[in-house]
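>>> sequence plus the predicted model coming up.
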Amino acid sequence: MSIHPTALIDPKAQLDSSVSVGPFAVVGPHVSIGANTIIGPHCIVEGHTTIGADNRFYAGVAIGGAPQDKKYAGEPTRLVIGDRNNVREYCTLNTGTVQDQSLTQIGNDNWIMAYVHIAHDVMLGSHTILANAVQIAGHVHIGDWAIIGGMSGIHQFVKVGAHAMAGMNSSLSQDLPPFVLAGGNPCAAHGVNVEGLKRRGFAREEIQTIRRAFKTVYREGHTLEEAKGLLATSRDEGVEGAKYLDLWLEFLKGSTRGIVR
């Protein structure tokens, strides 16, 4: 274990022997930190926070702070962070609230750039990219491989689907379906995140199925219910990449704020 002499570690905290803690960092009593994680200088790790292995938190990150919610009354809610996440300078990650699942959860292999705020009860998947100064409000769910452009804001309770991408300065107040490329204020759908899918090894036929699904939802004048029926029919016919139609259908079924148009 490498603990700088100026760091303050509560004796009740549980740190793996391979953890590194930098100058002037503070670690509270209800914190658990896994193997090979690096806590940078001036970081604060507090609250009921569990951090997995091989994470790196750069200077000034505030981890496990109380929710910015006036209803919060000091309940022992949690923040759980997975493995191999990179969290850059001055990000803030808050614990959950009892009005939801009492949990904010971060998956694995995420790239979280400087000044990002992740509020209470957020569910962030794995392999996501959150560019500089992205602001994520409470109760937001973001799927695996999603990319959110710099200085974008996401409204409370919004859902972002897997493999979706929102460009810089996006204002998301409605749900962004999986695979969709969007941007603007208000955010609007522009197409499918084709380049991202190619980089992740999607087959040409699978991408074509996803593009046809986008056209069904966005370009052919169907109501959302009609579009869902057509997607279900295509899935049942066993088209190439039918499993990705299930992602569309599951997301649309769970949408509560309407979708980005």
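Yep, that arrived. Numbering: from 1, shown residues only.
>>> CA only for contacts and neighbour counts going forward, please
Noted.
>>> Gly184 contacts Asn169, correct?
Yes - counting by C-alpha atoms under 8 Å, Gly184 does reach Asn169; the two are 6.5 Å apart.
>>> those two: which has the busier surroundings?
Asn169 (19 against 16; other C-alpha atoms under 10 Å).
>>> what are the bridge partners for the closest residue to His30 other than its chain neighbours, then?
Excluding the flanking residues, the one nearest His30 by C-alpha to C-alpha, 6 or more residues apart in numbering is His48, at 4.9 Å. On the basis of DSSP bridges, His48 is bridged to Arg78.
>>> hmm, His48 is touching Glu75, no?
No - using C-alpha under 8 Å, His48 makes no contact with Glu75, being 10.0 Å away.
>>> for the two, work out which one has more neighbours and name it.
A direct count of neighbours by other C-alpha under 10 Å for His48 and Glu75 places His48 higher, at 22 against 11.
>>> OK, contacts around the more buried one?
30-31, 64, 76-79, 95 (C-alpha atoms under 8 Å, 6 or more residues apart in numbering).
>>> how does it look with 6 Å?
30-31, 78 (C-alpha atoms under 6 Å, 6 or more residues apart in numbering).
>>> and the pLDDT for it?
Here the pLDDT value assigned to His48 is 98.
>>> please apply the same query to Ile129.
At Ile129, the pLDDT recorded in the model is 98.
>>> buried residues of stretch 205-216, list them for me.
For stretch 205-216, burial by neighbour count (16 or more other C-alpha atoms under 10 Å) applies to 206-207, 209-216.
>>> helices of this protein, start to end?
For the chain, applying DSSP state H gives helices covering 194-199, 204-218, 224-236, 242-254.
>>> any chance of TSV for those helices, columns distance to Leu130 and mean pLDDT?
Formatted as TSV, these follow (distance: least, C-alpha to C-alpha, whole Å; pLDDT from 0 to 100):
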stretch	distance to Leu130	mean pLDDT
helix 194-199	15	97
helix 204-218	24	97
helix 224-236	29	95
helix 242-254	21	96
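>>> of these, give the one that comes closest to Ser17.
Proximity to Ser17 (C-alpha to C-alpha) singles out helix 194-199 among those, at 36.8 Å.
>>> quick revisit: which one of the helices of the chain lies closest to Asp121?
helix 242-254 (17.1 Å).
>>> give me the angle between that closest one and helix 224-236.
When axes from the mean of the first three to the mean of the last three C-alpha atoms, to 10 degrees is applied, the directions of helix 242-254 and helix 224-236 differ by 150 degrees.
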